[in-house]
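In: I'll drop the sequence and a predicted model, then ask my questions.
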Amino acid sequence: MLAKRMDWLGQRQKVLAQNIANADTPDFVPHDLKPQQFRRMVERQAMPLMGPETTQPGHIQTSSSRGVDLRSAEQKNGYEMAPSGNAVIIEEQLVKVAQTQNDYNAITNLYRKQVAMMKMALRGRQ
């Protein structure tokens, strides 16, 4: 689940960067990813999704991020819009980028601690 969360945060960072890059594009509406729901992640982990298996080279390939909902959602209720119709608010996007970076750092620290615990368990008591 840590890897899925890191993947989601990386995808969100890309979407937010596109929003900032299009801050001067006329009629551009900023996007964001749908928030992850922890309960759904746990349910999917406990009950893996069934899907087609590729057994021959000619079979249809399945998505590598099966079960991960990375669809974007347009920003709603923007409180500011430029005369050109652009709804990107740089400050708002930068706050979201900072939140995403903080979340990514927290997940990275959790992953590091998980690896350290595994190493400690493998070494045993000394």
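Out: Thanks, I have the structure now.
In: state which helix of the protein is the longest.
Out: helix 90-123 (DSSP state H).
In: could you give the average pLDDT over it?
Out: Per-residue pLDDT over helix 90-123 has a mean of 94.
In: what residues does residue 16 make contact with?
Out: Residue 16 makes contact with 32, 93, 96, 97, 100, according to CB atoms under 8 Å, 6 or more residues apart in numbering. (Each C-beta comes from the backbone N, C-alpha and C, glycine too.)
In: rewinding a little: packing partners of the longest helix of the chain?
Out: Counting contacts by 3 or more CB pairs under 8 Å, 6 or more residues apart in numbering; DSSP states H and E, helix 90-123 is packed against helix 2-21.
In: pull out the buried residues from the following helix or strand past the helix it packs on.
Out: Note on helix 2-21: by DSSP states H and E, the next helix or strand toward the C-terminus is strand 31-33. Under the neighbour-count criterion of 16 or more other CB atoms under 10 Å, strand 31-33 has 31, 32, 33 buried.
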